[in-house]
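> build me a model from this:
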Amino acid sequence: MPKVTANSQKSAPMPSCSSKSKTPTVSQVHEQNSTQNDLTTESEDLERKAIELVQYLLIADQKKIPVRKIDINNHILKDQKKYFPAILKKSRDMLQSVFGAKLIEFDDKLKKRYILITSRSDIRRNINLISSEEESAKLGLLFNILAIIYMNGGVISDSDLWKALRKLGVDPDVHHEVFGDVKKLLTEEFVRQYYLEYVRQSNSEPIQYEFHWGFRAEKELQKKDVLLYVSKIYKTEPSQWKLLWNNCMEEEANQSSTS
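The predicted structure is shown next:
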């Protein structure tokens, strides 16, 4: 047999001393930890700002005054304005999941504004929930005004509305013990809250004004509820107002298909 010598055996390759190590350096570890800490801090800051915004919106909603985007930036976000979309989304999700409130965005004179809508028919629900008799009475008056406008085809002149209110025992020309200045309540406060629109009639001479439903009223109220309310007053079936009833049914069907 051939003699096997130590020199004739193949030795296993030794690891090269020149190969680069994959172990991260101390500076790399510090850099990674610093980045993770920055991300955690940023996330916590956004969460905190989102909570502040929720509180701000809830307080504003008590007076039913829309919140402007510029106010959110100036009073809440301040130096974090660039995160507005992310913070707004977090706040919107919190409002929906915790309070069942929907944050609605709309444009008014090219400026972003926001209102909270907790449910349809909010006005009627709030009449029973509000502890202040004055505020409850105001909402009751508002609901009747919206009903008058709706039954009049969605628009009514201010002079005709004043006549309708007098029939309800509320004289707009006389200071009311609960409502105070009735005309100011309708043309300023309810308009500022976006429950009513008060606009000049086109081509009217002398100048005349008319009332429409405002943006908030459109979002909070079901027209079907208004028609049912009026039908109850007149002790008749809502289907007696055929055109309005058909419109209510269409509105209800559209809402069901989009929900």
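> all the strands of the chain, residue numbers only.
Assigned by DSSP state E, the chain shows strands spanning 67-68, 102-108, 111-117, 156-157, 196-200, 209-213.
> what sits up against the third one?
What it means is strand 111-117. 57-58, 61, 64, 66-70, 72, 95, 101-107, 194, 215-216, 219-220 (CB atoms under 8 Å, 6 or more residues apart in numbering). In this view, the C-beta of every residue, glycine as well, is placed from N, C-alpha and C.
> kindly reformat the strands of the chain as CSV containing mean pLDDT.
As requested, these are arranged in CSV below (pLDDT from 0 to 100):
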stretch, mean pLDDT
strand 67-68, 94
strand 102-108, 91
strand 111-117, 91
strand 156-157, 96
strand 196-200, 96
strand 209-213, 97
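> dump those to TSV, plus distance to residue 168 and mean neighbour count.
Listed next are these as TSV, based on distance: least, CB to CB, whole Å; neighbours: other CB atoms under 10 Å:
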stretch	distance to residue 168	mean neighbour count
strand 67-68	33	18
strand 102-108	30	14
strand 111-117	27	18
strand 156-157	14	18
strand 196-200	16	16
strand 209-213	15	19
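> just put those strands in JSON lines and tack on distance to residue 146.
Formatted as JSON lines, the strands of the chain follow (distance: least, CB to CB, whole Å):
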{"stretch": "strand 67-68", "distance to residue 146": "23"}
{"stretch": "strand 102-108", "distance to residue 146": "18"}
{"stretch": "strand 111-117", "distance to residue 146": "15"}
{"stretch": "strand 156-157", "distance to residue 146": "11"}
{"stretch": "strand 196-200", "distance to residue 146": "8"}
{"stretch": "strand 209-213", "distance to residue 146": "6"}
